[in-house]
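**Student:** Here is a sequence together with a model predicted from it:
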Amino acid sequence: MLTKRIIPCLDVRDGVVVKGVKFKDHVVLGEILELAGGYRDMGADELVFYDITASPEGRAVSKEWITKTARLLDIPFCVAGGIRSVEIARTILNAGADKISINSPALENPDLINQLVREFGSQCVVIGIDSMMENGDYFVYQYTGSVKTIKSSKRKTIDWVREVQERGAGEIVLNCMNQDGTREGYDVGQLAKIRKICLIPLIASGGAGKIGHFTDVFKNADVDAALAAGIFHRREVTIPDLKKELKKSGIEVRI
Amino acid sequence: MITIIDSGGANISSILFGVERLGKKAWLTADIKKISEADYVILPGVGTANDSMQRLKNAGLIDCIKNLKQPVLGICLGMQLLFDYSEEGQTQMLGIIEGNVTLMRPQGLTIPHMGWNNLKLIKKDSPVAKGIKDNDYFYFVHSYMAALSDNVTAYTEYGEKVAAIVNKNNFYGTQFHPERSAEAGAVLLKNFLELK
């Protein structure tokens, strides 16, 4: 049976891993290879690296650390940040990343999704969506890497989820911004609503603060994977403990 | 010598690194002579079925691959290329292993089939499966599949039984990515690279 995936997310800035709260203040957490290797050894199913500075400043991620990571890791990983063309995507995939995730550039130019799918196949095209509640409905935000650049795209999250699927995306990471960094739990209500119309793998992101939050999002929103950062980086929950508890709750995981 | 067939697509370095982690060296090449003379040949799949076949054709590699006598391992789409035909782009494939590749239509499950799934061994004495146990997890990511047949060594379940390891004569294929399947994947890759 296909297992539910646990995906630590490493926000990368200037070649090191950082963590911010509500996308604002960033603290350095450590070296990429050391953290990535550690998570792999603990049983992470996949890793996501977000270059959180890349998109607003218009520069792409350097590929040297991607190749080093690809040499080290024997689990899949995805790279996000500043991928605004087929050529940049190709560089990152050639460097050894398994998937690329695009967010703001897909909102600027939705046809980029189709181009990437045509060129590399839908399995490696992930769409990151930063979703925030605004006047009683969820809207997609862009340029969320910095408080100076963040803005609403004026697109409803549910409409954008439909559109990216039609354009051939292989997977969606739904980052629920109201919850991000709060440690109060995933936005299960929003994720369950999106799940109903999302026929491709859906990854929950934002708000994990304890083991029960993972159980809740898998049981009540039926997501395929749960992404988290701070809870793992601060070692509040270890992946082996988390997976043991999930298994006890009847959720299929790889142990 | 181990060669990885490089017909011009993206993302084939991960398999190269997978071989390197086993302490071996592999060469990315589209050179017919180098491929024909290699001890082991790995055929990665890149992009869509149609693209991949077109790239192999453009590189003049179709007959070269079909005539290989040494162990050959097709990975993911590379495994699918070994079959006769794929629904993906209505593509004529290499025709080394009988059967067709079809779009997955698992009732109520998401597509692509993406993530870690457990293996069920049919042919437990297969040399590539040595040391691999029933229910070991492997990393899959695909939307098209081959069904069970005499040439299937192991399968996984995703709405239906999905070929996970195939073998005919010197040709092997895995639907999963051994280079991204942690320890179990490394065992499989090592087994392949030790085939006599």
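**Tutor:** Done, it's in.
**Student:** Isn't residue A:213 up against residue A:207?
**Tutor:** Yes - taking contacts as CB atoms under 8 Å, residue A:213 lies within contact range of residue A:207: 6.8 Å. (Glycine included, C-beta is placed from N, CA and C.)
**Student:** what's near enough to touch the residue nearest the centre of chain A?
**Tutor:** The centroid of chain A falls nearest to residue A:173 when counting by CA atoms, centre = their mean (4.9 Å). Contact analysis of residue A:173 by CB atoms under 8 Å, 6 or more residues apart in numbering or on different chains lists A:48, A:101, A:126, A:127, A:128, A:129, A:203, A:205, A:227.
**Student:** And those residues, which is closest to residue B:22?
**Tutor:** Within these, the smallest distance to residue B:22 is 26.2 Å, found for residue A:48 (CB to CB).
**Student:** Get me the contact residues on chain A for chain B.
**Tutor:** A:1-5, A:40, A:45-46, A:67, A:70-71, A:73-76, A:89-90, A:93-98, A:119-124, A:170-171, A:198-202, A:224-225, A:254 (CB under 8 Å from any CB of the partner chain).
**Student:** And the buried ones among these, selectable in ChimeraX?
**Tutor:** Here is the ChimeraX selection string for the buried members of these, based on 16 or more other CB atoms under 10 Å in any protein chain shown:
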select /A:2,3,4,5,40,45,46,67,70,71,73,74,75,76,89,90,93,94,95,96,97,98,119,120,121,122,123,124,170,171,198,200,201,202,224,225,254
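**Student:** For the residue of chain A found nearest chain B, I want the exact helix or strand it lies within.
**Tutor:** Using CB to the nearest CB, residue A:93 is the residue of chain A that sits closest to chain B, at 4.0 Å. Taking DSSP states H and E as the definition, residue A:93 sits inside helix A:86-95.
**Student:** again with residue B:65
**Tutor:** Going by DSSP H and E, residue B:65 is in helix B:62-66.
**Student:** Does that helix pack against any helices or strands, and if so which?
**Tutor:** Counting by 3 or more CB pairs under 8 Å, 6 or more residues apart in numbering or on different chains; DSSP states H and E, the packing neighbours recorded for helix B:62-66 are helix B:32-37.
**Student:** And the helix it packs on, what's buried?
**Tutor:** In helix B:32-37, counting by 16+ other CB under 10 Å, buried: residue B:35.
**Student:** Tell me the helix or strand right after that helix.
**Tutor:** Taking DSSP H and E, what comes next after helix B:32-37 is strand B:40-44.
**Student:** That following strand: how far from the chain's middle?
**Tutor:** Centre-to-centre, strand B:40-44 and its host chain are 8 Å apart (CA atoms, centre = their mean, to the nearest Å).
**Student:** For the residue nearest to the centre of chain A, give me phi and psi.
**Tutor:** The phi/psi pair for residue A:173 (degrees, to the nearest 10) reads phi -100, psi 110.
**Student:** Equivalent analysis for residue A:190, please.
**Tutor:** Residue A:190 adopts backbone torsions of phi -60, psi -40, taken as degrees, to the nearest 10.
**Student:** My read is that it contacts residue A:176, right?
**Tutor:** Yes - assessed by CB under 8 Å, residue A:190 is found in contact with residue A:176 at 5.6 Å.
**Student:** between those two, what contacts are shared?
**Tutor:** Taking CB under 8 Å, 6+ apart as the criterion, residue A:190 and residue A:176 both touch residue A:131.
**Student:** who's more crowded, those two?
**Tutor:** Per other CB atoms under 10 Å in any protein chain shown, whichever of residue A:190 and residue A:176 has more neighbours is residue A:176, with 26 against 21.
**Student:** list the contacts for the residue nearest to the more buried one when sequence neighbours are not counted?
**Tutor:** Excluding the flanking residues, the one nearest residue A:176 by CB to CB, 6 or more residues apart in numbering or on different chains is residue A:187, at 3.6 Å. Residues near residue A:187 by CB under 8 Å, 6+ apart: A:176, A:178, A:179, A:204, A:206, A:207.
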